[in-house]
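> turn this into a structure:
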Amino acid sequence: MSLPHLPLKPAQLRLIHQIAIHGQLQIAAEALAMTQPAASRMLAEVERQVGAPLFLRLPKGMEPTEIGATFLRRARVILREMGSIVTDMRNLRSGQAGAVRVGAVTGPAVSYVVSAVRQAKLQAPDAQISVEVLPSRDLLRLLVAGELDFVLARILPEFDSGDFNILPMRDEKVSLIARATHPLARAQAVTLTELTGYEWIMQQRGAPIREATLAAFADVGLSEPADIIDSPSMLWTIAYLAQSDAIAPVSDEAAELLIRPPVSAGFTKIRCVQEIRVSTYYLLDLKRRPLSPLAMRLRDEVARTSRNPILDQVGR
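Residues are numbered from 1 along each chain as shown. Predicted coordinates for the structure are as follows:
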């Protein structure tokens with residue numbers, strides 16, 4: 001049976017549902033805080049709209065007719081959906097559900113975002129969280145385009161800092177990694193001069209870690225290494241390092257993740273005399289687009305994690 005298109009109201013559906021549960025109009029009316037005459041008029045109106053009785057009036061109570069049973073099946077589905085809508089809206093308002101899209105450069109992605117997402121999922125297991133790990137330029141483009149809710153990135157000259165809510169985080173230490181059996185793995189201190197003859201893997205030109213590394217060579221009067229392979233892929237870099245004597249500059253957080261348990265991927269840090277650091281990155285979101293409760297909760301968790309030195313050392 002296909003029901004006609006009826007202008008039914010939620011209160012009418014609830015009444016029919018309660019009558020089916022209790023079998024008595026009076027009890028159904030009481031369950032809905034209605035008077036019996038009002039409930040009787042509402043039932044009569046629904047049956048008029050349907051064009052047939054929904055219940056048999058029996059001495060011992062009311063039982064659904066065949067049409068009434070079909071009506072009830074549909075009504076229960078609608079009532080369940082309505083209940084789900086209320087729950088979903090409540091969860092969205094409280095930050096217990098919804099979707100949030102986060103972006104970060106490598107260092108804070110490892111040190112802050114992992115911990116913050118884990119904590120957010122404990123509090124809101126149904127939340128849909130996506131994380132992009134990209135260079136700052138790509139992150140800012142996605143943020144401005146509305147494809148990310150907030151990012152941990154550096155502000156570049158082609159973007160207007162006035163568009164963003166800005167929370168300073170910190171600068172990023174660069175570590176030089178190689179396979180654990182690299183010829184320089186056991187050296188107590190290595191100069192950049194000693195490293196120029198090795199093969200290197202770096203991100204594309206303009207990437208902050210690459211530029212900071214090349215600047216370190218320039219600061220001691222050296223030209224950049226002659227043998228550099230360009231690759232933005234961390235996975236490819238790891239695979240190449242594992243099979244060669246190449247060296248790669250990466251964020252210190254990424255280096256620690258690869259070297260220490262539980263990953264222990266067979267890599268080491270080359271102990272370089274010159275310290276290499278990348279400029280400060282920021283926690284950014286757009287002023288013109290307010291964050292959802294879930295995005296705000298995750299953003300606050302990232303900020304809290306960054307201020308907690310104990311959390312910052314988790315996994316090291």
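> and the residue of the chain most remote from its centre, backbone torsions?
Distance to the chain centre peaks in the chain at P59, reaching 59.1 Å (criterion: C-alpha atoms, centre = their mean). Note on P59: its backbone torsions stand at phi -60, psi -30 [degrees, to the nearest 10].
> what sits against A180?
Contacts for A180 (C-beta atoms under 8 Å, 6 or more residues apart in numbering) come out as G266, F267, T268. Backbone N, C-alpha and C define where each C-beta goes, glycine included.
> quick one, helices of the chain?
With helices called from DSSP state H, the chain shows them at 10-22, 25-31, 36-50, 66-94, 106-108, 114-123, 136-144, 192-195, 208-219, 234-241, 252-259, 293-307, 309-312.
> now do the first one: everything it contacts.
Surrounding helix 10-22, the residues in contact under the criterion C-beta under 8 Å, 6+ apart are 25, 27-29, 31-32, 34, 39, 42-43, 45-46, 54-55, 62, 64, 68, 71-72, 75-76, 78-79, 82.
> just the buried residues from those, in ChimeraX please.
The buried residues among the contacts of helix 10-22 can be selected in ChimeraX (16 or more other C-beta atoms under 10 Å) with this line:
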select :25,27,28,29,31,32,34,39,42,43,46,54,55,62,64,68,71,72,75
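> burial of I16, as a residue count?
I16 has 25 neighbours, counted by other C-beta atoms under 10 Å.
> need the per-residue pLDDT for it.
At I16, the pLDDT value in this model is 91.
> same question for Q123.
Reported pLDDT for Q123: 84.
> and it, how far from P293?
Look at Q123 and P293: by C-beta to C-beta, to the nearest Å, they are 12 Å apart.
> have a look at the two and say which one is more surrounded.
P293 (18 against 14).
> quick check: the more buried one touching G98?
Yes. At 7.3 Å, P293 counts as touching G98 under the criterion of C-beta atoms under 8 Å.
> quick one on the thing from earlier: separation between the residue farthest from the centre of the chain and E256?
Noted for P59: a distance of 79 Å to E256, by C-beta to C-beta.
> looking at this protein, which strand is longest?
In the chain, assigned by DSSP state E, the strand with the most residues is strand 172-179.
> direction included, what does that one pair up with?
According to DSSP bridges, strand 172-179 has the following sheet partners: strand 248-251 (antiparallel), strand 267-269 (antiparallel), strand 276-278 (antiparallel).
> Serialize these to CSV and add fields for distance to A109, mean neighbour count and mean pLDDT.
Below are the strands paired with strand 172-179 laid out as CSV (distance: least, C-beta to C-beta, whole Å; neighbours: other C-beta atoms under 10 Å; pLDDT from 0 to 100):
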stretch, distance to A109, mean neighbour count, mean pLDDT
strand 248-251, 9, 25, 95
strand 267-269, 18, 19, 96
strand 276-278, 14, 19, 93
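> any chance of those strands in JSON lines, with distance to D138 too?
Formatted as JSON lines, the strands paired with strand 172-179 follow (distance: least, C-beta to C-beta, whole Å):
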{"stretch": "strand 248-251", "distance to D138": "16"}
{"stretch": "strand 267-269", "distance to D138": "26"}
{"stretch": "strand 276-278", "distance to D138": "16"}
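> how's the chain carved up into domains?
What automatic domain parsing lists as the domains of the chain is 10-94, 99-170+280-312, 172-278.
> highest mean neighbour count out of those?
Of those, the one with the most neighbours on average (mean count of other C-beta atoms under 10 Å) is domain 99-170+280-312, at a mean of 18.
> center of the chain, which residue is that?
I129 (2.5 Å).
> who's in contact with it?
Applying C-beta under 8 Å, 6+ apart to I129 gives the contacts A99, V100, R101, V102, V117, A120, K121, L298.
> roughly how far does Y282 sit from S136?
Distance of Y282 to S136, computed by C-beta to C-beta: 9 Å.
> quickly list what's touching both of the two.
Jointly contacting Y282 and S136 under the rule C-beta under 8 Å, 6+ apart are A153, R154, I155.
> where does the prediction get shaky in the stretch 201-316 of the chain?
Counting by pLDDT under 70, the stretch 201-316 of the chain shows low-confidence ranges at 308-316.
> go again with 80.
Along the stretch 201-316 of the chain, segments meeting pLDDT under 80 span 307-316.
> any idea how far E301 is from L192?
Taking C-beta to C-beta, one finds L192 at 38 Å from E301.
> ok, now E224?
39 Å.
> likewise A145?
24 Å.
> likewise S264?
Using C-beta to C-beta, one gets 28 Å for the distance from S264 to E301.
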